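>>> sequence? don't have it. structure:
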């Protein structure tokens, strides 16, 4: 299980442009690594658009945003284009990174249990350490929570 203060587990995933992305690509920057269940669903769209709308603020805080879900590269490309998302969406169809970060959980909807991504965000500092973890994220104002946490890293 990933804990605050630990070195962030390495990742290598493809983004919506089929480019391979690793955390090392962003050495010297703070990383907002957010896990979400599914492209084009109401909560996930709202979360992505909130990050998009605050995108300039993240840059001023020396931070990059990386979204991760089990959707395909093609799904991410359509989602990013539809909502003009200026950050990378990483495809984890095999759920290796999702499991490594401990966000693949049993969920329940209308009494039915199933496995899915627990909406979570990890702030990784410029040294590659997990600075803060937000689990069971509520979408409303989450982007503001993240910018406040990033301000403490400066």
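Nice, thanks for sending it over. Since we're looking at a predicted model, the values are computed, not measured.
>>> which residue of this structure sits farthest from its center?
Within the chain, the residue lying farthest from the chain centre (CA atoms, centre = their mean) is residue 111, at 27.4 Å.
>>> residues contacting it?
Residues near residue 111 by CB atoms under 8 Å, 6 or more residues apart in numbering: none. Placement of C-beta: from N, CA and C, glycine included.
>>> which regions of this structure lie under the pLDDT threshold?
Residues of the chain meeting the criterion pLDDT under 70: 154.
>>> which parts of it are helices?
With DSSP state H as the criterion, the chain has helices at 42-53, 55-60, 73-82, 96-100, 142-151.
>>> any idea how far the residue lying closest to residue 147 once chain neighbours are set aside is from residue 32?
Spatial nearest neighbour of residue 147, chain neighbours left out: residue 57 (5.6 Å); criterion: CB to CB, 6 or more residues apart in numbering. Computed as CB to CB, to the nearest Å, the residue 57 to residue 32 distance reads 11 Å.
>>> check contacts around residue 71.
Contacts of residue 71 (CB under 8 Å, 6+ apart): 38, 39, 79, 89, 91, 93.
>>> so what's the fifth one closest to, chain neighbours aside?
By the measure of CB to CB, 6+ apart, the closest residue to residue 91 outside its immediate chain neighbours is residue 73, 4.7 Å from it.
>>> thought residue 137 was touching residue 122?
No: if you go by CB atoms under 8 Å, residue 137 and residue 122 don't touch, sitting 10.8 Å apart.
>>> please enumerate the shared neighbours of those two.
Taking CB under 8 Å, 6+ apart as the criterion, residue 137 and residue 122 both touch residue 34.
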